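Visitor: What follows is a predicted structure for the sequence shown.
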Amino acid sequence: MSTIETSLLTTQVYDVLRSKIIGRKYLPGEKLDIHKLADEFGVSRSPVKDAINQLVHDGLIEIIPRKGTYVTQVNFSDFIDILDARLMIETWAAQRITNSVTDEQVNEWGNIVHEMDSLLEVSPFPFEMYSKLDMKFHKMLVEWAENRKVLEIYTSLNTHVSLSRIVHSTSLESTKKRHQDHRTLFEAIQNRDLPTILGTLTLHIASLKNEAELRWDEVMI
């Protein structure tokens, strides 16, 4: 089997596993057997192992030494702390870049918002595509600050994959409620309006906290 074929198989297995975890086909704390997954997908163990390693990096799967591979369980208090850390980093980044961000960068942010707008009109709602753009939108703000260590910390928080579990079953409704925040942020950065950026980021994270609190027991246990 060629490297390209193996890579494609890994991507396919990754997409299926991620979708099943977020869609609660595999529940938090459930043990996953690599041999059984390979048989289920009709592939060798190699692409399954590679896909699982990617999902470990995403925070959706954890490998416990001498015990096995499990769907990650997330503690509610820890998750709220992670959202606070995300807010701290995003507001720090906003203060650092608002007056120095280029028009080209702002336009790129706007293009992402336009892509997200268009996905809201698609039926059935392509939640995975929207979620990736959402992650790219917020991460880009931190990237503009040009601090590699802060970016590494921000990326390691993995809030978007955990949030995917929370909003998946009511994704369109939940997404529409918060989508306007992205447009507000884009317009505010066009105007170099730091107070609006900081206020919108704070409200955005508060909304995520509220939804997590309302639906945590339903989707994370």
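Guide: That came through fine. What you see is a predicted model, and the numbers here were worked out from it, not measured in a lab. Numbers count the residues shown, from 1 in each chain.

Visitor: ranges for the strands of the chain?
Guide: 31-32, 61-64, 68-71 (DSSP state E).

Visitor: Just name the most buried of the ones you listed.
Guide: Comparing the strands of the chain by mean neighbour count (mean count of other CB atoms under 10 Å), strand 68-71 ranks first with a mean of 17. (C-beta placed from N, C-alpha, C; glycine too.)

Visitor: Distance check, the closest residue to Trp216 other than its chain neighbours against Tyr14.
Guide: Closest residue in space to Trp216, ignoring its immediate chain neighbours: Phe76 at 5.1 Å, by CB to CB, 6 or more residues apart in numbering. Using CB to CB, to the nearest Å, Phe76 is found at 27 Å from Tyr14.

Visitor: count of residues packed around the residue nearest to Trp216?
Guide: Per other CB atoms under 10 Å, the neighbour tally for Phe76 reads 13.

Visitor: repeat for Asp15
Guide: 12.

Visitor: With adjacent residues omitted, what lies nearest to Ala93?
Guide: Ala145 (4.2 Å).

Visitor: Distance of the one you found relative to Asp103?
Guide: For Ala145, the distance to Asp103 - CB to CB - is 18 Å.

Visitor: repeat for Asp193
Guide: Relative to Asp103, and taking CB to CB, Asp193 is found at 15 Å.

Visitor: which helix of this protein spans the most residues?
Guide: In the chain, taking DSSP state H as the definition, the longest helix is helix 194-219.

Visitor: now the strands of the chain as CSV including distance to Trp109 and mean pLDDT?
Guide: Shown next, in CSV, are the strands of the chain (distance: least, CB to CB, whole Å; pLDDT from 0 to 100):
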stretch, distance to Trp109, mean pLDDT
strand 31-32, 37, 94
strand 61-64, 31, 90
strand 68-71, 33, 92
